[in-house]
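[1] pasting the sequence and the predicted model now:
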Amino acid sequence: MPELPEVEITRYGLAQELAGSTASGAVVREARLRWPVPADLSARLQGQRLKRIERRGKYLLFRFETGTLIGHLGMSGSLRVVPAASPAGPHEHVDLVFGARAARLRDPRRFGALLWHAGADESHPLLADLGIEPLGDQFDGEWLFRATRGRRTPVKLFVMDSHVVVGVGNIYASESLFRAGIRPRRPAGRLTRAECTRLAQAIRDTLQDALAAGGSSLRDFIHSDGASGYFQQQHYVYDRAGQACRVCGQSIRTLRLGQRSTFWCAKCQR
DNA sequence: CCACGCTCCTGCGCGC
DNA sequence: TGCGCGCAGGAGCGTG
């Protein structure tokens, strides 16, 4: 599933190939994504130059001359540049066409989205209330310490709340908490300053490592048919229930938190 | 404001 | 081997 590093690599790859190009339209084979793809998408894009592609959280922002195409890959989506004339396979729902090339959205589970925003800003309701960027300058231990004060929600759910911090999905939440040595059920507001410092750093490191892993396989990611696209990171705890902790050897435990599977080591995390 | 559970959807893995 | 069931997950949204 695309987490923030995959989205960033997608953004970078698409921008390398398509920024500055002029769209000739869009082909919508299946409009039923999370929200309906606008019926007039092709007309809106036709003849417009794609100025640049930005990212906010896991949202991709295609900045065109008269507005922004907001994209989200949901949990099964990918966007890749293909020859516009190549036949579309299963679940390849939308093409953003730029002459002979197209950015093709494949999204089997259709949790993704493509929406039009008539502006060059972040005033769209989906963007306006997003939290801080975890790889930005503001995000550090002190910020996290202040943000968590008074919050009783389990720290894992807190860091996964995109209105607090964007881009920390279920996998990286467990991984970051392991790296920080903090148990996932700890009430967020009870973390010490030192723990917040460790956690903020762990989140940055986890995302940065994934980004680095993705950078080295960038070519594959952009051009492959998908299977090799997602980063095969070595997880410390995620999906390792019952297996030996890579640090201490104890059996990795699992629990449900907010209807999400959660993995942790009882010895390494306190 | 806060906490929490439901929801969308399809592919996969498991048990029989 | 084949079938059917349950689970997985990002994040908006409704409810208490």
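    Perfect, thanks for sending it. Numbers count the residues shown, from 1 in each chain, chains lettered A, B, ... in the order given.
[2] host element of residue A:26?
    strand A:25-28 (DSSP states H and E).
[3] and if you look at residue A:43?
    Short version, using DSSP H and E: residue A:43 is in helix A:41-45.
[4] which outside residues touch that helix?
    Residues from elsewhere that reach helix A:41-45, judged by Cβ atoms under 8 Å, 6 or more residues apart in numbering: A:23-28, A:38, A:64, A:66-67, A:69, A:94, A:96-97, A:114, A:116. In short, each C-beta sits where N, CA and C put it, glycine included.
[5] please identify the buried residues of it?
    A:41, A:42, A:44, A:45 (16 or more other Cβ atoms under 10 Å).
[6] returning to that earlier point: for the strand holding residue A:26, name the packing helices and strands.
    Applying 3 or more Cβ pairs under 8 Å, 6 or more residues apart in numbering; DSSP states H and E, one finds that strand A:25-28 contacts helix A:41-45, strand A:92-98.
[7] out of those, which gets nearest to DNA strand B?
    strand A:92-98 (10.2 Å; Cβ to the nearest atom of the strand).
[8] can you add distance to DNA strand C and mean pLDDT and give the helices and strands packed on strand A:25-28 back as TSV?
    TSV is the format used below for the helices and strands packed on strand A:25-28 (distance: least, Cβ to the nearest atom of the strand, whole Å; pLDDT from 0 to 100):
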stretch	distance to DNA strand C	mean pLDDT
helix A:41-45	19	96
strand A:92-98	15	96
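[9] for residue A:178, find the nearest of those.
    For those, the distance to residue A:178 is smallest for strand A:92-98, at 35.9 Å, taking Cβ to Cβ.
[10] could I get the helices and strands packed on strand A:25-28 as JSON lines with distance to residue A:18?
    Below are the helices and strands packed on strand A:25-28 laid out as JSON lines (distance: least, Cβ to Cβ, whole Å):
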{"stretch": "helix A:41-45", "distance to residue A:18": "12"}
{"stretch": "strand A:92-98", "distance to residue A:18": "6"}
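[11] possible to save those as TSV with distance to DNA strand B?
    TSV is the format used below for the helices and strands packed on strand A:25-28 (distance: least, Cβ to the nearest atom of the strand, whole Å):
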stretch	distance to DNA strand B
helix A:41-45	19
strand A:92-98	10
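[12] quick one: closest of those to residue A:128.
    Here helix A:41-45 is closest among the helices and strands packed on strand A:25-28 (Cβ to Cβ), at 21.2 Å.
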